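Colleague: test case, fold it:
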Amino acid sequence: MPNTDWRSPAAYTHAKSISAAGFAWEYLRRDDDYRRDFHRVMRMPHLDGDAQTAFSERWGLRFPDTPGSFRRSGRTVLDAVAAA
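Modeller: You can find the predicted model right below:
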């Protein structure tokens, strides 16, 4: 988690050059509820389509392929920790 002062304009100069999706991700990955929900879903022994759909709908996310694409090579898509 970034430990910069959120009130400092200098902390957000990079935001002028990122895409709308990148900006949304910067916001979402800092949300404590998202992080809890993400880790809850990842702890499930078998991620099924219904669980991914519910997670996606709650957070307004779209995934590129099938429910199996949620995990790739041991890394997870939209992992709040990996991207931090």
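
Colleague: over to H46. Which of the three states is it?
Modeller: H46 falls in the coil class when you classify it by DSSP: H, G, I helix; E, B strand; the rest coil.

Colleague: can you count the residues close to it?
Modeller: 5 (other CB atoms under 10 Å). For glycine as for every other residue, the C-beta is placed from the backbone atoms N, C-alpha and C.

Colleague: same question, T53
Modeller: 12.

Colleague: ok, R7 next?
Modeller: 7.

Colleague: then stretch 30-45 to CSV, C-alphas only?
Modeller: Only the C-alpha atoms of stretch 30-45 are listed here, as CSV (Å, rounded to 0.1, in the frame of the first residue of the first chain):
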residue,chain,number,x,y,z
ARG,A,30,-6.9,0.5,-2.1
ASP,A,31,-10.5,-0.4,-1.1
ASP,A,32,-10.5,-2.5,2.0
ASP,A,33,-13.8,-4.2,1.2
TYR,A,34,-12.5,-5.2,-2.3
ARG,A,35,-9.3,-6.6,-0.8
ARG,A,36,-11.3,-8.6,1.8
ASP,A,37,-13.7,-9.9,-0.9
PHE,A,38,-10.8,-10.8,-3.3
HIS,A,39,-9.0,-12.8,-0.6
ARG,A,40,-12.2,-14.5,0.4
VAL,A,41,-12.8,-15.7,-3.2
MET,A,42,-9.1,-16.7,-3.6
ARG,A,43,-9.3,-18.9,-0.5
MET,A,44,-12.1,-21.0,-2.0
PRO,A,45,-10.8,-24.5,-2.8
